[in-house]
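>>> I would like the atomic coordinates for the input below:
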Amino acid sequence: MAWELVRRGHLARSLRLAPFGPAAVAVVVLLVARRRGTPDVVGDLRLLGLLLALGSGYVIDDGAAVTLQASPYGLARRLWLRIGVAAAVVIPLWAAMLARLLPSAPASDRWALGLGLTVELAAALAVVWAVAAWCRRHGVEYPGIITTPSLLAMLFLTASLSPAPMLVGSGPQWTSAHGRWAVVLVVASCVLAAGMRDPVARRPFTDRHSRRERQRA
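Below you'll find the predicted structure:
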């Protein structure tokens, strides 16, 4: 059934891809404007990564959730498919941006910058998807609108952490800052995985306990 949804295009048509529009336009415009290089590799890539992350928060919006609630096709599978489609859009765009802009950085810094900024983008995506998944779990059909202020609030918080800065430029603090970004990525991924569980699914322990209670009765 999952493959049929993808093959027939039903899943793609149900996704809210319009928020990706500004990000896609910004990518094209900036790549054209920076065709001869960029003086601020980190700033440009962060800006474009932010736009991609903000647009990705809307893919979990599921207007058909009420209709599919009684189907055997669970919430988690529907959400993972939507995230997979979003990743199929984000990954090529991000790879194109890295390939175009990273050569403007010093050769010795390119791998560290590319890896660090990719970790930042992955953490931002995990945060918006975790927020959207938990909102969807609690009955919000269109949680995308909540992900935008949530991500911006997180970025404001990271920018204000003077003892442990996370939004830093290339330099001695780069590695330690991205160690903290990696922690954000792991925590947000765990929260996302927990939020993807179908709320009507029962735990095995609960099922065994219920059977024992019925047997005693």
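
>>> in the chain, what helix or strand scores lowest on average pLDDT?
helix 2-7 (a mean of 45; mean pLDDT, DSSP states H and E).

>>> show me where this structure has helices.
2-7, 10-14, 20-33, 41-56, 65-68, 75-101, 110-137, 144-159, 174-195, 204-216 (DSSP state H).

>>> out of these, which gets nearest to Pro165?
With C-beta to C-beta as the criterion, Pro165 lies closest to helix 174-195 of the helices of the chain, at 6.0 Å. (Glycine included, C-beta is placed from N, CA and C.)

>>> how close does Gly195 sit to Phe156?
23 Å (C-beta to C-beta, to the nearest Å).

>>> quick one, which of those two is more surrounded?
Between Gly195 and Phe156, counted using other C-beta atoms under 10 Å, Gly195 has the larger neighbour count: 22 against 9.

>>> list the contacts of that one.
Neighbouring residues of Gly195 by C-beta atoms under 8 Å, 6 or more residues apart in numbering: 130, 133-134, 136-137.

>>> for Arg180, state which of the residues you listed is nearest.
Ala130 (17.2 Å).

>>> what about the closest one, how many residues close to it?
When neighbours are counted by other C-beta under 10 Å, Ala130 comes out with 22.

>>> that one contacts Val191, correct?
Yes: using C-beta atoms under 8 Å, Ala130 is in contact with Val191, at 4.3 Å.

>>> re the thing from before, adding pLDDT and distance to Val41, write the contacts of Gly195 out as TSV.
Listed next are the contacts of Gly195 as TSV, based on pLDDT from 0 to 100; distance: C-beta to C-beta, whole Å:
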residue	pLDDT	distance to Val41
Ala130	92	28
Ala133	87	32
Trp134	87	34
Arg136	81	36
Arg137	79	38
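
>>> which one of these is nearest Val168?
Distance to Val168, by C-beta to C-beta, is smallest for Ala130 among the contacts of Gly195, at 23.9 Å.

>>> tell me which residues touch the closest one, please.
Ala130 makes contact with 188-189, 191-192, 195 under the criterion C-beta under 8 Å, 6+ apart.

>>> go with 6 Å
Listed by C-beta atoms under 6 Å, 6 or more residues apart in numbering, the contact set of Ala130 reads 188, 191-192, 195.

>>> just put the contacts of Gly195 in JSON lines and tack on distance to Arg34.
As requested, the contacts of Gly195 are exported to JSON lines (distance: C-beta to C-beta, whole Å):
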{"residue": "Ala130", "distance to Arg34": "32"}
{"residue": "Ala133", "distance to Arg34": "35"}
{"residue": "Trp134", "distance to Arg34": "37"}
{"residue": "Arg136", "distance to Arg34": "37"}
{"residue": "Arg137", "distance to Arg34": "40"}
